[in-house]
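Participant: Okay, sequence plus prediction incoming.
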Amino acid sequence: MADTHRFARTVVPFEHWYLGFPAALSPVLNLVVEGAGRIDAAELRRAVATAAESCPGARLARRGNRWSDSRRPPPVRRATGTVLDRTTLNDVPELRRPLPVQGAYCEVVLCDGEFPAVVFRASHAVMDARGLRLWALDVFRALRGEEPEGAQSVTTVAELDDPLIAQADAKNQDFVLPSLLGVPADARFGGPPGWGGAGRGGGGGPAPPGGGAPPPPTRAGRPPPGWPPNWRGCRGRRRCR
């Protein structure tokens with residue numbers, strides 16, 4: 001019987017792009033939190049596990065086109081004796097390790113050398129910098145014995161409207177992406193064949209079916225005059241539908 005309560009969401013296109021990176025170029029975010037004193041490794045592991053219950057995005061596993069909660073807490077690794085400061089971050093092997101490791105897309109590194117620090121690491125395929133910060137804050141809340149705030153929304157970036165387009169809609173303005181090297185924006189981002197656009201002779205859009213003069217530019221995502229109503233355009237960069 002399927003577990004309908006397990007956290008899950010779709011792998012969106014740009015996450016597929018990150019997943020396609022070679023292992024040597026694995027896109028990993030490192031959040032280094034420096035401090036004074038020592039944190040017990042076992043205590044940190046418990047806090048990481050507690051925070052992951054409220055932030056299941058930190059323990060995702062990919063199954064085809066879906067992310068789902070693996071229910072395995074992110075691993076905590078010790079970098080004993082590692083000299084860590086702001087001038088040597090690129091020389092720390094623990095911070096250059098590709099992710100995932102043994103299926104884990106997030107991990108925590110405890111540096112207990114001369115410059116103690118806790119490093120939160122996440123593959124960019126599962127988390128952005130703001131999400132990484134939310135997860136780290138919940139780990140420290142758990143360390144202090146507080147209740148984690150959690151982050152359990154399954155909304156993806158593909159489901160959010162581009163703020164520039166929303167602003168243009170609110171002001172009833174046309175939203176026009178600039179041409180790039182003479183290639184119109186809608187052609188770059190998945191527009192229909194034959195797109196003329198401002199970048200190819202100025203001002204016009206695609207020639208309507210059956211020929212005739214091209215219509216003026218239209219707001220992104222809406223069919224140009226004369227085109228079938230089911231034509232689906234772009235809603236900003238990498239937002240083609």
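Facilitator: Yep, that arrived.
Participant: Next, count neighbours for the residue nearest to residue 137 when sequence neighbours are not counted.
Facilitator: The shortest distance from residue 137 to any non-neighbouring residue, by Cβ to Cβ, 6 or more residues apart in numbering, is to residue 149 (7.4 Å). Any C-beta I mention is one placed from the backbone N, CA and C, and that applies to glycine too. By the criterion of other Cβ atoms under 10 Å, residue 149 has 12 neighbours.
Participant: got a list of what residue 149 touches?
Facilitator: 54, 134, 137, 138, 141 (Cβ atoms under 8 Å, 6 or more residues apart in numbering).
Participant: Who are the packing partners of the host helix or strand of the fourth one?
Facilitator: Read that as residue 138. Per DSSP states H and E, residue 138 falls inside helix 129-143. In terms of contacts (3 or more Cβ pairs under 8 Å, 6 or more residues apart in numbering; DSSP states H and E), helix 129-143 is packed against strand 28-34, helix 41-54, strand 117-123.
Participant: which parts of the first one are buried?
Facilitator: Right, the one you point to is strand 28-34. Buried positions in strand 28-34, judged by neighbour count with 16 or more other Cβ atoms under 10 Å: 28, 29, 32.
Participant: Turn the residues you listed into CSV, columns for pLDDT.
Facilitator: Shown next, in CSV, are these (pLDDT from 0 to 100):
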residue, pLDDT
28, 93
29, 93
32, 91
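Participant: Where do the helices of the chain begin and end?
Facilitator: For the chain, helices defined by DSSP state H occupy the ranges 13-19, 41-54, 129-143, 163-170, 185-188.
Participant: which one of those is the most hemmed in?
Facilitator: Greatest average neighbour count among the helices of the chain goes to helix 185-188 (a mean of 22), per mean count of other Cβ atoms under 10 Å.
Participant: nearest residue to residue 72 other than its sequence neighbours?
Facilitator: Nearest non-adjacent residue to residue 72 (Cβ to Cβ, 6+ apart): residue 59, at 5.7 Å.
Participant: List the contacts of that neighbour.
Facilitator: For residue 59, the contact set (Cβ under 8 Å, 6+ apart) comprises 52, 69, 70, 71, 72, 73, 74, 104, 106.
Participant: now swap in residue 120 and tell me
Facilitator: 30, 31, 33, 106, 108, 132, 135, 136, 139.
Participant: For residue 43, which non-adjacent residue is closest in space?
Facilitator: residue 143 (6.9 Å).
Participant: so what's that neighbour up against?
Facilitator: With Cβ under 8 Å, 6+ apart, residue 143 has these contacts: 39, 43, 44, 47.
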